[in-house]
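> Kindly return the folded structure for what I paste below:
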Amino acid sequence: MKSNLLRGVGIALVTCLIPLAVHAQRAQKKKPLDEEPVSADHCDAAGIHCFFGKAAGCSVTCGDGNFATCIGARCILGFPSSAECACGPGGMA
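Numbers count the residues shown, from 1 in each chain. The predicted structure is shown next:
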């Protein structure tokens, strides 16, 4: 009887934590800024809140004819992977 009670409590706890885990994997919503013209030499990457931490976003502005490339932060199995921003002749390699 005690085993069934523990199993039931465990299942209830896991079921309650599922929505929390799903919500924690969503990207941060950026505050609307002034409308910036879209260009190849500037980009922004969003940050993210994961279940086991958070990662900040990044922004880059390139010159000399280089192209800006940004990849937003992401969650991998609940752990944050940071955003990547780079300048290059063809973007990120």
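
> all contacts plus neighbour counts: C-alpha atoms, from now on.
Noted.

> Now do the same contact list for Arg74.
When contacts are counted by Cα atoms under 8 Å, 6 or more residues apart in numbering, Arg74 touches Ala27, Gly47, Ile48, Pro80, Ser81, Ser82, Ala83.

> Report the secondary structure state of the fourth one.
Pro80 carries the three-state label strand when classified by DSSP: H, G, I helix; E, B strand; the rest coil.

> Would you enumerate the residues in contact with it?
Remark: with contacts taken as Cα under 8 Å, 6+ apart, Pro80 is in contact with Ile48, His49, Cys50, Phe52, Gly53, Lys54, Ala55, Ala73, Arg74.

> Nearest to Asn66 among these?
Checking the contacts of Pro80 against Asn66 by Cα to Cα gives Ala73 as the nearest, at 22.4 Å.

> That closest one contacts Cys85, doesn't it?
No - counting by Cα atoms under 8 Å, Ala73 does not reach Cys85; the two are 10.3 Å apart.

> what sits in contact with each of these two?
Joint contacts of Ala73 and Cys85 (Cα under 8 Å, 6+ apart) are Ala45.

> Would you mind checking the contacts of Arg74 for buried ones?
Buried members of these, counted by 16 or more other Cα atoms under 10 Å: Ala27, Gly47, Ile48, Pro80, Ser81, Ser82, Ala83.

> Check pLDDT for the residues you listed and point me to the minimum.
On pLDDT alone, Ala27 ranks lowest of the buried ones among the contacts of Arg74, at 53.

> in this protein, what spans have low per-residue confidence?
For the chain, the stretches with pLDDT under 70 are 1, 20-39, 90-93.

> can you list the residues that contact the helix or strand hosting Asp44?
Using DSSP states H and E, Asp44 sits in strand 42-45. Defining contact as Cα under 8 Å, 6+ apart, one finds that strand 42-45 is touched by 57-62, 67-73, 83-85.

> What strands flank it, and is each parallel or antiparallel?
Using DSSP bridges, the strands paired with strand 42-45 in its sheet are strand 58-61 (antiparallel).

> And the helices in this structure?
Taking DSSP state H as the test, the helices found in the chain are 2-24.

> still on that earlier bit, which of the buried ones among the contacts of Arg74 lies closest to Val9?
Relative to Val9, the closest of those is Pro80; by Cα to Cα it sits at 29.7 Å.
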